[in-house]
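1. the amino acid sequence is not available; the structure is as follows:
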């Protein structure tokens, strides 16, 4: 490596390290993820940006509804879908961008330092630079924006305010077709903002999957006997946990819609029980699926490891048996202190790690965390849907 290349590499590592630590106050991966952490750890510009977007999406709806009287305004304030999606989902999606970018930079920095050989550094640099350019692309943002408004325009041909999914504040004269001014703002401003943020989050995952896929084309310095049972790829879960906000937002959006139908239209909560598996599948598809790109790499590493380490274990085992089993009758009590026994045992323990290599770099516990994050928003709806006398009897039984 030339002096100039070395300087460029140091500068690049410093930049990546700065990105990785730009959100240094974020909770540890070993701590429970909490929505409030996004607000506490966000920078002031990010909080201001979030407040502006939420104000654009929600405040005009409240003002337009309030001008139409108490009954309409009460309908707006009890629209659980609107409140949860604009006051919870939008802020979480915006504030979740900074920590997930920091996690991505941290993963890239770890790749560069430990898994990429010197002769492939330039190739890795190119792939990471391509990923960053893609994420900051103005063209992509414009395309997503056009897609969002195209979707809103297409849906407007089918949506009618008389539908049961719309509460009173959506209906009335003065807006688009038979929608109220508040309903028109929600249809063409508020919900497109929500849709754009959702599309952008999904796009970020597609771009991240593209980058991860590109790293599998390099000769990664994986170690089959690594104790993380992933050849040293266990650090990838740091970026995986950054997807928890999206899983949570999916649950919030669904729970709000179900709450409207249960409490305003009298639907039975059990009628929506089949949506829980759909919700979980969607959360895992967007958040976890990109990491399956390493499955072929891990399978090849496991096969090679079984052959190579298996041959080593067999050779050592045969030598051990020839040395000790042929003179078993002459052994004394000090035999257990001989280093051969502990060394052989240690080797076999290392070889055992090969058999336990996972073919997907996602631990089951993290899948459970994603499922819980998606289902937690539905708990208040379930509790509120239970008749009070039934809930009171259940509480009394627990206390007695």
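-> The structure has been received and is ready for your questions. No experiment lies behind these values; they were computed from the predicted model shown.
2. drop to CA atoms for contacts and neighbour counts, all remaining ones
-> Fine.
3. any idea how far residue 91 is from residue 153?
-> Between residue 91 and residue 153 the computed distance is 25 Å (CA to CA, to the nearest Å).
4. please apply the same query to residue 107.
-> Relative to residue 153, residue 107 is positioned 39 Å away (criterion: CA to CA).
5. when these two are compared, which one has more neighbours?
-> Each of residue 107 and residue 153 has its neighbours counted (other CA atoms under 10 Å); residue 107 has more, 19 against 13.
6. next, the buried residues of stretch 298-308.
-> If you call a residue buried by 16 or more other CA atoms under 10 Å, then stretch 298-308 has these buried ones: 298, 301, 302, 305, 306.
7. which of these fall within helices?
-> When DSSP state H defines the helices, the subset of the buried residues of stretch 298-308 inside them is 298, 301, 302, 305, 306.
8. thought the fourth one was touching residue 352?
-> Yep, that's residue 305 we're talking about. No. Using CA atoms under 8 Å, residue 305 and residue 352 do not qualify as a contacting pair, with a distance of 10.4 Å.
9. would you say residue 221 is within a helix?
-> No. The secondary structure assignment for residue 221 gives coil rather than a helix, going by DSSP: H, G, I helix; E, B strand; the rest coil.
10. which one is it nearest to, not counting chain neighbours?
-> Counting by CA to CA, 6 or more residues apart in numbering, residue 221 lies nearest to residue 115, which is 4.7 Å off, once chain neighbours are set aside.
11. without its sequence neighbours, what residue ends up closest to the most centrally placed residue in the chain?
-> Nearest to the mean C-alpha position of the chain, counting by CA atoms, centre = their mean, stands residue 243 at 1.6 Å. Nearest-residue entry for residue 243: residue 287, 5.8 Å, with adjacent residues in sequence omitted and distances by CA to CA, 6+ apart.
12. which residues touch the one you found?
-> Taking CA atoms under 8 Å, 6 or more residues apart in numbering as the criterion, residue 287 is in contact with 205, 240, 243, 244, 246, 247.
13. okay, these in JSON lines with pLDDT and distance to residue 53 next?
-> Shown next, in JSON lines, are the contacts of residue 287 (pLDDT from 0 to 100; distance: CA to CA, whole Å):
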{"residue": "205", "pLDDT": "93", "distance to residue 53": "22"}
{"residue": "240", "pLDDT": "85", "distance to residue 53": "26"}
{"residue": "243", "pLDDT": "88", "distance to residue 53": "21"}
{"residue": "244", "pLDDT": "90", "distance to residue 53": "21"}
{"residue": "246", "pLDDT": "92", "distance to residue 53": "18"}
{"residue": "247", "pLDDT": "93", "distance to residue 53": "21"}
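14. returning to what we had before: out of the ones in helices among the buried residues of stretch 298-308, the closest to residue 181 would be?
-> Nearest to residue 181 out of these is residue 298 (CA to CA; 55.6 Å).
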